[in-house]
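Engineer: next comes the sequence, and after it the predicted model I'd like to discuss.
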Amino acid sequence: MQNANTPTTISILLVEDTFSERYYIASLIRSFQPENVEFDIIQCEDGLAALEKCRTHQFDLIISDWRMPKMNGVEFCKRVKAKNDAAYFLLLTGNDQTQDMIYAMESGADDYITKPFLASVLKVKVQAAVRLIQAKKSVTESKQQLQSLLTQTQSELKQAATLQQSLLPKRNLSFDNWTIRHYFEPATELAGDILQCFQIDKEWIGFYVIDVSGHGASAAMLSFTLAQGLSPQRMDWQQSPEKVMNLLNVMFDDPGNLGQFATVMIGKINTNTHQLQLCNAGHPLPLVLSKLDVQTIDVPTGLPIGIDQHCQYQSGEYQLYPGEQLLLFSDGVYEVNNPKFGMFGLDRLKQRCFSAKAMPASKFLRHLSYILNLWQQYKPQDDMSLLLFTAPES
């Protein structure tokens with residue numbers, strides 16, 4: 001950004017075929033130079049020479065006579081104004097007929113002065129042009145600064161999105177013949193959703209699904225913080241899910257007082273006995289897909305974390321059977337809206353799960369994501385997260 005004390009340079013092209021007139025006008029223009037402005041004046045004797053000069057220089061202000069040899073001022077003006085970033089054009093003319101003035105302005109001239117002219121008239125015309133040029137330069141500079149800031153922000157968002165993706169489970173994850181697949185689609189560059197699955201010990205795997213209220217960077221930063229708090233390096237996952245949830249709720253912080261909260265599902269699966277432990281803080285209830293049906297697991301539900309630090313959560317225990325699948329998801333999955341048919345809804349989600357439950361896990365999630373994106377006409381409305389566990393057949 002230009003310093004306020006740095007003079008603004010205004011590049012001026014003066015075109016006049018009579019040397020004495022050109023010298024006189026140039027002297028007048030220099031005497032009009034405002035404070036904190038520097039005039040850089042280049043002179044030409046005809047329109048053709050001036051046009052050549054314009055090919056190698058970018059001028060802010062052009063002051064040109066009308067009647068000149070080789071190329072007159074009006075034709076020169078037309079050629080200059082054909083450029084996308086044309087200079088302010090002030091035409092000097094001895095023609096004082098109204099139709100001549102109209103013709104000059106229609107040719108692209110921004111202003112004109114009729115010869116002979118008073119020095120004071122030229123002064124106010126030049127000063128008016130300078131004010132417009134300075135305003136244009138200011139707008140251009142602001143636009144460049146905004147573009148630079150936008151480019152930097154976009155770059156930082158891409159880096160943050162890459163970091164967020166790195167916190168998701170690995171593709172084709174498996175533990176003791178249990179297969180884990182996931183689908184993650186942010187509504188914007190960054191998501192308030194995040195999920196993870198990991199091995200606790202030889203018998204247990206742990207997992208969580210988080211959905212922070214809102215979208216964008218603030219929601220993503222909070223979900224990242226919560227995910228860091230739940231990492232096995234910082235949280236003791238030998239504890240029950242309810243104890244983990246209680247600790248997470250106490251850990252929750254909303255430093256900006258934005259009224260943010262998060263729905264969370266925390267769980268553990270015993271890979272040997274197929275025992276399932278779940279604790280829920282306002283998150284959508286998971287589904288169990290068997291060969292015969294699709295059922296909702298009735299998990300004890302507490303408030304989303306971040307609303308009441310004194311809230312005490314409870315875990316529920318369930319039994320999964322060989323070949324069954326456990327599906328966890330964020331509310332962005334079933335709350336997508338179609339302009340004609342409305343919300344997708346939980347019932348429709350269960351129906352689609354039932355009709356596709358024979359598919360392999362990876363194809364199953366691709367099938368669901370295709371249906372959901374089709375429903376919202378490929379215009380993301382909310383973050384979507386799905387986490388699918390498939391128990392071994394025996």
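Structural biologist: Perfect, thanks for sending it. Numbers count the residues shown, from 1 in each chain.
Engineer: report how many residues lie close to Asn373.
Structural biologist: With neighbours defined by other C-beta atoms under 10 Å, the count for Asn373 comes to 15. Glycine gets a C-beta too; all of them are placed from N, C-alpha and C.
Engineer: Tyr370: how many residues sit nearby?
Structural biologist: 10.
Engineer: skipping its backbone neighbours, what lies nearest Thr296 in space?
Structural biologist: Of all residues not flanking Thr296 in the chain, Leu285 sits nearest, at 5.0 Å (C-beta to C-beta, 6 or more residues apart in numbering).
Engineer: who's in contact with that neighbour?
Structural biologist: When contacts are counted by C-beta atoms under 8 Å, 6 or more residues apart in numbering, Leu285 touches Thr296, Ile297, Asp298, Val299, Thr301.
Engineer: for the residues you listed, which one is nearest Gly267?
Structural biologist: Using C-beta to C-beta, Val299 comes nearest to Gly267 of these, at 8.9 Å.
Engineer: correct me if wrong: the closest one contacts Leu287.
Structural biologist: No: using C-beta atoms under 8 Å as the test, Val299 is too far from Leu287 to be in contact (11.3 Å).
Engineer: over to the residue nearest to Thr296: give its phi and psi.
Structural biologist: Leu285 has phi and psi values of phi -70, psi 140 when expressed as degrees, to the nearest 10.
Engineer: what's the following helix or strand after the helix or strand where Lys136 lies?
Structural biologist: For Lys136, the host element (DSSP states H and E) is helix 119-166. Once the chain leaves helix 119-166, the next helix or strand it forms, by DSSP H and E, is strand 173-175.
Engineer: number of nearby residues for the residue lying closest to Leu51 once chain neighbours are set aside?
Structural biologist: Among residues not flanking Leu51 along the chain, Arg79 sits closest, at 5.6 Å (C-beta to C-beta, 6+ apart). Using other C-beta under 10 Å, Arg79 has 17 neighbouring residues.
Engineer: ok, Leu349 next?
Structural biologist: Using other C-beta under 10 Å, Leu349 has 20 other residues around it.
Engineer: I figured it hits Val333, correct?
Structural biologist: Yes: counting by C-beta under 8 Å, Leu349 does reach Val333; the two are 6.7 Å apart.
Engineer: quick check: next helix or strand after the helix or strand hosting Asn280?
Structural biologist: In this structure, Asn280 sits in strand 275-281 according to DSSP H and E. Once strand 275-281 ends, the next helix or strand along the chain (criterion: DSSP H and E) is strand 287-289.
Engineer: so where is the protein shaky, pLDDT-wise?
Structural biologist: Scanning the chain for pLDDT under 70 picks out the ranges 1-5, 84-85, 96-97, 100, 255-257.
Engineer: as a check, name the ranges of all helices in it.
Structural biologist: Taking DSSP state H as the criterion, the chain carries its helices at 19-31, 47-56, 73-81, 98-106, 119-166, 216-230, 241-251, 331-334, 346-356, 361-375.
Engineer: still on that earlier bit, quickly run through the sheet partners of the strand holding Asn280, with directions.
Structural biologist: Strand 275-281 has these partner strands in its sheet, going by DSSP bridges: strand 262-270 (antiparallel), strand 301-302 (parallel), strand 315-319 (antiparallel).
Engineer: with only the CA atoms kept, save that strand in PDB.
Structural biologist: Backbone C-alpha positions of strand 275-281 (Å, rounded to 0.1, in the frame of the first residue of the first chain) are rendered in PDB as follows:
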ATOM      1  CA  GLN A 275     -19.900 -55.700  22.400                       C
ATOM      2  CA  LEU A 276     -20.700 -52.000  21.600                       C
ATOM      3  CA  GLN A 277     -20.600 -49.100  24.000                       C
ATOM      4  CA  LEU A 278     -22.100 -45.800  23.000                       C
ATOM      5  CA  CYS A 279     -22.400 -42.300  24.600                       C
ATOM      6  CA  ASN A 280     -24.400 -39.600  22.900                       C
ATOM      7  CA  ALA A 281     -24.400 -35.800  23.300                       C
END
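Engineer: just how off-centre is that strand within its chain?
Structural biologist: 36 Å (C-alpha atoms, centre = their mean, to the nearest Å).
Engineer: out of the contacts of Leu285, flag the one nearest to Leu132.
Structural biologist: Thr301 (64.4 Å).
Engineer: look up the closest residue to that closest one, ignoring the ones flanking it.
Structural biologist: Asn280 is the one closest to Thr301 (C-beta to C-beta, 6+ apart), at 4.7 Å.
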